[in-house]
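# Sharing a model prediction with you, sequence too.
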Amino acid sequence: MSALDQFLRWLDLAGIAVFAASGALVASRKRMDAVGFVVVAAVTGLGGGTLRDLLLGRTPVLWLRAPEPLAVCAAAALLVFFTAHLVESRFRALLWADAVGLALFAVTGAELALISGADPWAAALLGVVSACFGGIVRDVICDEVPLILRREIYLTAAGAGAAAFVLLRVAGGAGRGAAVAAGVAVAFGIRGAALLRGWSLPPYRARPGRAYPEDDDGAGGRGR
Amino acid sequence: MSALDQFLRWLDLAGIAVFAASGALVASRKRMDAVGFVVVAAVTGLGGGTLRDLLLGRTPVLWLRAPEPLAVCAAAALLVFFTAHLVESRFRALLWADAVGLALFAVTGAELALISGADPWAAALLGVVSACFGGIVRDVICDEVPLILRREIYLTAAGAGAAAFVLLRVAGGAGRGAAVAAGVAVAFGIRGAALLRGWSLPPYRARPGRAYPEDDDGAGGRGR
Amino acid sequence: MSALDQFLRWLDLAGIAVFAASGALVASRKRMDAVGFVVVAAVTGLGGGTLRDLLLGRTPVLWLRAPEPLAVCAAAALLVFFTAHLVESRFRALLWADAVGLALFAVTGAELALISGADPWAAALLGVVSACFGGIVRDVICDEVPLILRREIYLTAAGAGAAAFVLLRVAGGAGRGAAVAAGVAVAFGIRGAALLRGWSLPPYRARPGRAYPEDDDGAGGRGR
C-alpha cells in the first residue's frame, strides 16, 4: 500500500470517527444507554460507506472486511458517553462533527468511485451520497428532523467539495494529495460558513403543504 | 438495442420523471430550497430502481451506469420548483404523479427481473418493490405519513399490474408491448379508481393499538 | 443438503415467521387492511435477511431465490389478521414474537456469515444486524418509536447470543447444533428477562437534548 493509499485510509477512518461522534451526541440527547451510543455511532459512521460499497458492488462491505472501522466507532461512542457532559452545547458539537465528516466523506467517496472506474459525474454524486447517508439514517432512527431538511446549506457543500476534487483529478490532472486537500477545504469551508453565518439557499416561497387530508382516520397519522 | 428495449428504456425514464416530480411536490410542501428539490426528487425517482438493482445484484446501480436517470430527476425537480405555484392542489398533483410512476415501475421492475432470470412470482414481487420503495423513502425522509399506510388501495394496484404483466408474458405468451401496456393499464386503472372513488380494502376492525407503554420516559417518544 | 443444513433452514424460516407475526401485530395496531398486513409482515420478516445478503454480496437475495420465505410471511400475516382480536395484549404478543425472532436471527445470521467466510467478530456483528434490522424498518415505516430506542436491553441480547454462538463454533470447537442451541438460549434468555423484569442498562444521565433550534420555521419540524 502506497503512502497515499495509507493517507486516504486514515482520512476515511477520521471521517468515520467524527460521524460516529455526531451519532453518539444524538444518543446523548436521547439519553440512551452505552449500547445505544455504540449502535447509533456505528450506524452514522458506517452508513455512508456501506451504501457506497453496496451501490458500487464492493461486497462484503467495508466493516466486514476489516475491524478498524467498527473499533473506531465504538471508541468514539464511549469517548462521547463519558465526556459529553463537559460540552456546553452538544447540538453545536454535533453540527461541527457532522460538518467535518461531511467534508471528508465527500472526497473519499468520490475517490473510491473513481478508483472503481466510475464516470467523473457519478464519482462526484457518490461522494455526496457517502457524505450524507450516515447522517440521514442517524436522524431517521433517532426520530430527529434530518439535518438535510434544515435550512442551512448542507448537500451543496458536499457536492461542491466532491466536484472540486473530481475536477482537479480528472480535468485538472492535479496530484491526489492536492486534490484531496482542495476538495475537503471546499466542502468544509462552505458548510462551516453556512453554520457560522446561517447561509441558506432561497427556499420555495409558496404556501406550505397542508397536512395530508384524512389523517384523522386513526391509522397512525402523526399529529400535525 | 432493439426498438422494444428502447421503448422500455423510455418507459423507465418516464416513471423516474413522474416519481421525481412527486418528490419535488413534497419538497414544495416542505418549502425546501432548490437543492432539496433535486435531492428529494432524485431519491424518489431513483430509489425503487436502486433497490431493484441491489436486490438482483446488478451493480453499479442504474444511476452510476448512465447520466440520463439523474438528469431526468434534476429536470423534473427544477420544473416543479418554478411551476408548483400554478398548481391548485399540489397534494392532488402529487397523488396522480405517484400513481403514474407506480404503474410504470411495477411493470418495468417485473420485466427487468424476468430478463435477469428471476422466477415469475419473484418478478412480480420485485415489480411491486420497485414501484413502492421510492415513495416510501420520500415520505420517510420528508417526515410525512407514508402513502402506503393510507387507506386507499396502493400496493394492491402495483401488485395487480405486475402480476398481469408477468402472467401475460410467461403463461399467456403475449408480446412484450401488449403485456407492458396491459400491466400499466391494470395498475394505473386500479390506483386511479381508488383515488377517484376512495376505494379501499376493509381494514382490520379491532381496537387500534395504544401508544407503546412507557413512552413518557423522555427517551424521545413521539407525542401521540 | 445435510440434516443440519435442513435444520438451520427451518430455524431461519421460524425466525421469519415470528418476525412476520410481530409486523402483522403492528399492522393490527394501525388498523391496516389485509394487504398492509402482508406487506409489513414481509418487510419485518425478510428485512434482516435481505440486508445480511446485501452486505455479504449474496444476490439475488433470499426471497428472490426461493418462494418459502415470502409464503411464510404471508401465512403469518393472514393468521394474525384473523386471530389478533383473540389476543389480550397485542403489544405484549408483539414484544415476545420479536424476542423469539431476535434470538433466532442473531444465530442464523452469524452462522451464514461464518459459512460465507467472514471473520468471527464480523460474523457476530452480522448476526446482530440481521436480528435487528427487520424490526427497525417495521417501526420506521409504521411510524412507531423503534424498539431499539426503548429502555429495555435489546441489542445487547442479540449481541450476546451471536457472540456465544461464534465463540463456541470458532474457539470452543463445539458442534453446530449445540452452538446454535446455546446462542439462541443466551439471546432469548437475556431479552426475555429484560422484558419480564424491566432490565435495562444505565442510560446517559445528563440533561436530554432540547429540540433542534429553529424548528419553528414551518419546514416540517415535528412538534416536540
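Structure's in. What do you need?
# can you give me the helices in chain A?
Along chain A, the stretches classed as helices by DSSP state H are A:3-29, A:34-56, A:62-65, A:68-83, A:90-115, A:120-141, A:155-166, A:176-197.
# a markdown table please, covering those and showing distance to residue B:41.
C-betas here are computed from N, CA, C, even on glycine. Below are the helices of chain A laid out as a markdown table (distance: least, C-beta to C-beta, whole Å):
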| stretch | distance to residue B:41 |
| --- | --- |
| helix A:3-29 | 25 |
| helix A:34-56 | 18 |
| helix A:62-65 | 29 |
| helix A:68-83 | 32 |
| helix A:90-115 | 20 |
| helix A:120-141 | 14 |
| helix A:155-166 | 13 |
| helix A:176-197 | 22 |
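# Out of the ones you listed, which is closest to chain C?
helix A:3-29 (2.6 Å; C-beta to the nearest C-beta).
# Tell me what angle that closest one forms with helix A:68-83.
40 degrees (axes from the mean of the first three to the mean of the last three C-alpha atoms, to 10 degrees).
# Below-threshold pLDDT in chain A: ranges please.
Scanning chain A for pLDDT under 70 picks out A:1-4, A:148-151, A:205-224.
# Touching, residue A:61 and residue A:53? I think so.
Yes. Between residue A:61 and residue A:53 there is a contact under C-beta atoms under 8 Å: 4.2 Å.
# Could you check which of the two is surrounded by more residues?
Using other C-beta atoms under 10 Å in any protein chain shown as the criterion, residue A:61 and residue A:53 rank with residue A:53 on top: 25 against 20.
# any idea how far the more buried one lies from chain B?
Between residue A:53 and chain B the distance is 10 Å, computed by C-beta to the nearest C-beta, to the nearest Å.
# tell me the contacts of that residue?
The contact partners of residue A:53, by C-beta atoms under 8 Å, 6 or more residues apart in numbering or on different chains, come to A:59, A:61-62.
# repeat for residue A:187
Residues near residue A:187 by C-beta under 8 Å, 6+ apart: A:102-103, A:106-107, A:131, A:157-158, A:160-162, A:164.
# which residues does the residue nearest to it when sequence neighbours are not counted contact?
Leaving aside its sequence neighbours, residue A:187 sits nearest to residue A:161 (C-beta to C-beta, 6 or more residues apart in numbering or on different chains; 2.5 Å). Counting by C-beta under 8 Å, 6+ apart, residue A:161 touches A:103, A:106-107, A:127, A:183-188, A:190.
# one more time with 10 Å
Residue A:161 is in contact with A:102-107, A:110, A:124, A:127-128, A:131, A:182-191, counting by C-beta atoms under 10 Å, 6 or more residues apart in numbering or on different chains.
# Residue A:121 now?
Residue A:121 sits in contact with A:163, A:166, A:170, B:64, B:67, B:70-71, where contact means C-beta under 10 Å, 6+ apart.
# was I right about residue A:104 contacting residue A:13?
Yes. In this structure, residue A:104 is within contact of residue A:13 by C-beta atoms under 10 Å, at 9.4 Å.
# The two: which is more packed in?
Higher neighbour count among residue A:104 and residue A:13: residue A:104, with 27 against 17, using other C-beta under 10 Å.
# How about that one: what's its closest non-neighbour residue?
That would be residue A:15: by C-beta to C-beta, 6+ apart, it lies 3.4 Å from residue A:104.
# same deal with residue A:139?
residue A:146 (4.2 Å).
# I'd guessed the one you found sits against residue B:141; true?
Yes. Residue A:146 lies in contact with residue B:141 (C-beta under 10 Å); the separation is 5.9 Å.
# So which of those two has more stuff around it?
Ranked by neighbour count (other C-beta under 10 Å), residue A:146 and residue B:141 place residue B:141 first, with 22 against 19.
# Next up, the contacts around the more buried one.
Shown in contact with residue B:141 (C-beta under 10 Å, 6+ apart): A:136-137, A:139-140, A:146, A:148-149, B:23, B:26, B:39-40, B:43-44, B:47.
# try residue A:14
The contact partners of residue A:14, by C-beta under 10 Å, 6+ apart, come to A:72, A:100-101, A:104-105, A:108.
# now residue A:57
Residue A:57 makes contacts with A:116, B:53-54, B:57-61, B:64, C:57, C:59, as judged by C-beta under 10 Å, 6+ apart.
# Closest one of these to residue B:82?
The nearest member of the contacts of residue A:57 to residue B:82, counting by C-beta to C-beta, is residue B:64 at 28.3 Å.
# From residue A:163, how far out is the residue nearest to residue A:172 when sequence neighbours are not counted?
Leaving out its chain neighbours, the residue that sits closest to residue A:172 by C-beta to C-beta, 6+ apart is residue A:179, at 7.6 Å. Going from residue A:179 to residue A:163 by C-beta to C-beta, to the nearest Å gives 11 Å.
# Same check on residue A:143?
In this view, residue A:143 and residue A:163 are 33 Å apart by C-beta to C-beta.
# now do residue A:9
When distance is defined by C-beta to C-beta, residue A:9 is 23 Å away from residue A:163.
# These two - which one has more neighbours?
When neighbours are counted by other C-beta under 10 Å, residue A:9 and residue A:163 differ, and residue A:163 comes out ahead with 22 against 14.
# Go ahead and confirm that one touches residue A:120.
Yes. The criterion here is C-beta under 10 Å, and residue A:163 meets it with residue A:120 at 9.0 Å.
# Return every residue with contacts to both of these two.
Common neighbours of residue A:163 and residue A:120 (C-beta under 10 Å, 6+ apart) are residue A:110.
# give the contact list for residue A:49.
By C-beta under 10 Å, 6+ apart, residue A:49 lies in contact with A:12, A:15-16, A:19, A:58, A:61-63, A:69, A:105, A:108-109, A:112, A:130, A:133-134.
# rerun that using 8 Å as the cut-off
By C-beta under 8 Å, 6+ apart, the residues touching residue A:49 are A:12, A:16, A:61-63, A:69, A:105, A:109, A:130, A:134.
# Buried only: go through those for me.
A:12, A:16, A:61-63, A:69, A:105, A:109, A:130, A:134 (16 or more other C-beta atoms under 10 Å in any protein chain shown).
# so which of the residues you listed also contact chain C?
A:61, A:63 (C-beta under 8 Å from any C-beta of the partner chain).
# Pipe the buried ones among the contacts of residue A:49 into a markdown table and attach distance to chain B per row.
Converted to a markdown table, the buried ones among the contacts of residue A:49 look like this (distance: C-beta to the nearest C-beta, whole Å):
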| residue | distance to chain B |
| --- | --- |
| A:12 | 20 |
| A:16 | 22 |
| A:61 | 12 |
| A:62 | 15 |
| A:63 | 17 |
| A:69 | 21 |
| A:105 | 16 |
| A:109 | 12 |
| A:130 | 12 |
| A:134 | 14 |
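# Just name the closest of the buried ones among the contacts of residue A:49 to residue B:30, please.
Taking C-beta to C-beta as the measure, residue A:134 is the one of the buried ones among the contacts of residue A:49 closest to residue B:30, at 21.8 Å.
# Residue A:44 is in contact with that closest one, correct?
Yes. In this structure, residue A:134 is within contact of residue A:44 by C-beta under 8 Å, at 4.6 Å.
# Tell me the residues that contact both of these two, please.
Residues touching both residue A:134 and residue A:44 (C-beta under 8 Å, 6+ apart): A:19, A:23.
# how about JSON lines for the contacts of residue A:49, with distance to residue C:84 added?
What follows is the contacts of residue A:49, written out as JSON lines (distance: C-beta to C-beta, whole Å):
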{"residue": "A:12", "distance to residue C:84": "47"}
{"residue": "A:16", "distance to residue C:84": "43"}
{"residue": "A:61", "distance to residue C:84": "37"}
{"residue": "A:62", "distance to residue C:84": "41"}
{"residue": "A:63", "distance to residue C:84": "38"}
{"residue": "A:69", "distance to residue C:84": "42"}
{"residue": "A:105", "distance to residue C:84": "44"}
{"residue": "A:109", "distance to residue C:84": "45"}
{"residue": "A:130", "distance to residue C:84": "42"}
{"residue": "A:134", "distance to residue C:84": "37"}
